[in-house]
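Trainee: fold the following, please.
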Amino acid sequence: MRKFFCLGFSIVVLFVVLILEGCDLKPKSNEMTITTSSKKALSAFKDGRYLFENYQAEKAAEHFRNALSLDPDFALAYCYLAFSDQSVFEENFNKAISLMDKVSPGEQIFLQMFDNQRKKNGKEMTDNANALLELFPEDKWIPYYLGYGIYFNDDEKALHYLTKTIEMDKDFAPAYLVLGVKYIGMQNFPEAEKYLLRYSELEPDEPIAYTFLSQLYRAQGEFDKAIENASRIAEVEPGNTSGYLSMGNCYIFTNEFEKARENFIKYYENSDDITNKLSALRNYNYSYIFEGDMEGALAAIEKYRNLAEENNRSDLVIDSYRDQARVSMIFNDLPKAEFYLEKAEKSIKTSELGEVQRQDYLFFVPPWRGFYYTHTGDYIAAEKELETVRLNLEKSQMPGMKNWVNQLMGFLKFKQEKYDEALDLFIKVDDNPFCWYYTGEIYDIKGDTEKAKEYFEKVTNYNLVDINAAAFHARAVEKLKTDQ
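Mentor: Predicted coordinates:
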């Protein structure tokens, strides 16, 4: 899961893997029971779970719907369906929670953990996690879930639990996949390659291995190998067009922006899945930011919003206004930024959202505002908003969320010319082009050109496609030219 914002203000919704073998009729003593009255429903559920673990959410959702047609009171199937089809998340997740009195004690704790996660009750969520570990110490799925979902933003804990899963079952493929993804984010490419290649050995017919291998080689600047792996996706699964997305991302970093966008459009046009179409438009938008074209980026987000509105995705409409505000700040058009922030905040209040989801969005308004006020130079207003953020996060105790405050406060201190304080905050945030760039700026101001160069090069060598890389890649390139 990406960290907050990567100043992209992303509301993180974890694709959490529900896990755990068994049936309430014949449960294994060392594993958490899955409660269902139908063996056929359980079989359909397991088929869907396998697809979900291999990042095929759309196909997985059909299996969960099949399971529910066979057992309308199948709580974990509703929960899985909620996460595999975000368009019906609220309805299905609430249905899962409503069935808690019909499931085993372990499942009750499990569902409570989900509920506490979405409500940002970090202490209660952690208590649930610890209870599951104690109840099912031999169940490999428990540490896998914790590493993939609950503690993914906490590098040490994520690696601990995922490694523990593999120690319990050395052939458990999903853990290798998630470890590979985790190590890409941590910029530890040798480890990432090791785990992704092991996953591809265990699951040679699954295309997702080549998606992440393409991302890995792109991250290392090996674009030919990245494109080669992207092309293998369709070879492994004919009809899978996600290779276009991977190839488009490669062309961004070779400055072939039109070629990149041609691939994003191919991915968009050849996919029937709304989630894939939205991904295509999101990366299409990023290509314009990388290129330095604000109007192109804003127009691309407009297309994204239109698609979201056509599919009744109120949450993504809010996200689109937030993204336009962020793009406007990147290009220092602050009146536009304020306009789009107001649109986002109004949509939060008026859109057809569930109450938990509405509160989740409201949780993010102070950091959005704090970041905006920092850009405008209204530091008193920014400090007020960011103090609200700090108190909210202290109350929630959600794992890995301290990075939000460090990043936001670091930027504020930088703008206030309190460089040592900013530096102390930025170095606490790992793997983030935003913080690397401003760390480079601070060292440049201090006259340490070698240190400045080190951090600007980290930005230019960060070949992953996200909004921070888009915002700072070209700037870092120019700084390196200037400092030569």
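Trainee: which parts of the stretch 101-250 of the chain are helices?
Mentor: Here the stretch 101-250 of the chain has its helices, by DSSP state H, counting those that start in this stretch, at 105-118, 122-135, 141-145, 155-168, 173-185, 189-202, 208-219, 223-236, 243-253.
Trainee: check which helices and strands the shortest one sits against.
Mentor: This means helix 141-145. Secondary-structure packing of helix 141-145 (3 or more C-beta pairs under 8 Å, 6 or more residues apart in numbering; DSSP states H and E): helix 122-135, helix 155-168, helix 173-185. Yep, even glycine has a C-beta here, placed from its N, CA and C like the rest.
Trainee: just the buried positions in it, please.
Mentor: By neighbour count on 16 or more other C-beta atoms under 10 Å, the buried set for helix 141-145 is Trp141, Ile142, Pro143, Tyr144, Tyr145.
Trainee: from Val356, how far out is the last one?
Mentor: Counting by C-beta to C-beta, to the nearest Å, the separation of Tyr145 from Val356 is 21 Å.
Trainee: among the helices of the stretch 101-250 of the chain, which comes closest to Met329?
Mentor: With C-beta to C-beta, the closest approach to Met329 among these belongs to helix 243-253: 20.7 Å.
Trainee: now the closest one, how far from the chain's geometric center?
Mentor: Counting by C-alpha atoms, centre = their mean, to the nearest Å, helix 243-253 is centred 19 Å from the centre of its parent chain.
Trainee: do stretch 356-366 as well
Mentor: Centroid separation between stretch 356-366 and its chain, computed with C-alpha atoms, centre = their mean, is 17 Å.
Trainee: quick one: contacts of it?
Mentor: For stretch 356-366, contacts defined as C-beta atoms under 8 Å, 6 or more residues apart in numbering pick out 9, 11, 89-90, 118-120, 315, 318, 345, 348-349, 351, 353, 385-386, 388-389, 392.
Trainee: mind giving me the PyMOL select for those residues, buried ones only?
Mentor: In PyMOL, a selection of the buried entries from those looks like this (16+ other C-beta under 10 Å):
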select buried, resi 9+89+90+118+120+315+318+345+348+353+385+386+388+389+392
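Trainee: just the contacts of stretch 356-366: which are in helices?
Mentor: 89-90, 118, 315, 318, 345, 348-349, 385-386, 388-389, 392 (DSSP state H).
Trainee: so for stretch 212-230, what's the average pLDDT?
Mentor: The average pLDDT for stretch 212-230 rounds to 95.
Trainee: buried sites along that stretch?
Mentor: Neighbour-count burial for stretch 212-230 [16+ other C-beta under 10 Å]: 212-220, 222-223, 225-227, 229-230.
Trainee: report the two of the residues you listed separated the most.
Mentor: It's Phe212 and Phe223 that sit farthest apart of those, by C-beta to C-beta, at 15.7 Å.
Trainee: wait, what's in contact with Tyr286?
Mentor: The contact partners of Tyr286, by C-beta under 8 Å, 6+ apart, come to Ile252, Ala297, Val465, Asp466, Ile467, Ala470.
Trainee: how about it, phi and psi?
Mentor: phi -60, psi -40 (degrees, to the nearest 10).
Trainee: measure it to Ser279 for me?
Mentor: In terms of C-beta to C-beta, Tyr286 sits 11 Å off from Ser279.
Trainee: again, but for Lys415
Mentor: Relative to Ser279, and taking C-beta to C-beta, Lys415 is found at 33 Å.
Trainee: quick one: what helix or strand has the residue nearest to Asn285 when sequence neighbours are not counted in it?
Mentor: Using C-beta to C-beta, 6 or more residues apart in numbering and skipping residues adjacent in sequence, the residue nearest Asn285 is Ala300, 3.9 Å away. Take DSSP states H and E as the rule and Ala300 turns out to sit in helix 294-310.
Trainee: what bits of the stretch 1-150 of the chain have low per-residue confidence?
Mentor: Within the stretch 1-150 of the chain, the stretches with pLDDT under 70 are 1-29.
Trainee: repeat the analysis, applying 50 as the threshold.
Mentor: 1-28 (pLDDT under 50).
Trainee: what does the stretch 351-484 of the chain give?
Mentor: In the stretch 351-484 of the chain (pLDDT under 50), no residue qualifies.
Trainee: mind running it again at 70?
Mentor: For the stretch 351-484 of the chain, the ranges with pLDDT under 70 are 400, 483-484.
Trainee: quick one: the helices in it?
Mentor: According to DSSP H, counting those that start in this stretch, the helices that the stretch 351-484 of the chain contains are 355-376, 379-396, 402-415, 419-426, 433-446, 449-460, 467-483.
Trainee: which elements pack onto the last one?
Mentor: The reference is to helix 467-483. By 3+ C-beta pairs under 8 Å, 6+ apart, helix 467-483 packs against helix 274-291, helix 314-330, helix 433-446, helix 449-460.
Trainee: which strands or helices does the last one pack on?
Mentor: In this structure, helix 449-460 packs against helix 433-446, helix 467-483, with contacts taken as 3+ C-beta pairs under 8 Å, 6+ apart.
Trainee: could you give the angle of it to helix 467-483?
Mentor: Put simply, helix 449-460 runs at 140 degrees to helix 467-483, going by axes from the mean of the first three to the mean of the last three C-alpha atoms, to 10 degrees.
Trainee: how about residues contacting helix 449-460?
Mentor: Helix 449-460 is contacted by residues 433, 436-437, 439-441, 443-444, 469, 472-473, 475-477, 479-480, 483 when judged by C-beta under 8 Å, 6+ apart.
Trainee: the same query, at a cut-off of 7 Å, please.
Mentor: Applying C-beta atoms under 7 Å, 6 or more residues apart in numbering, the contact partners of helix 449-460 are 433, 436-437, 439-440, 443-444, 472-473, 476-477, 479-480, 483.
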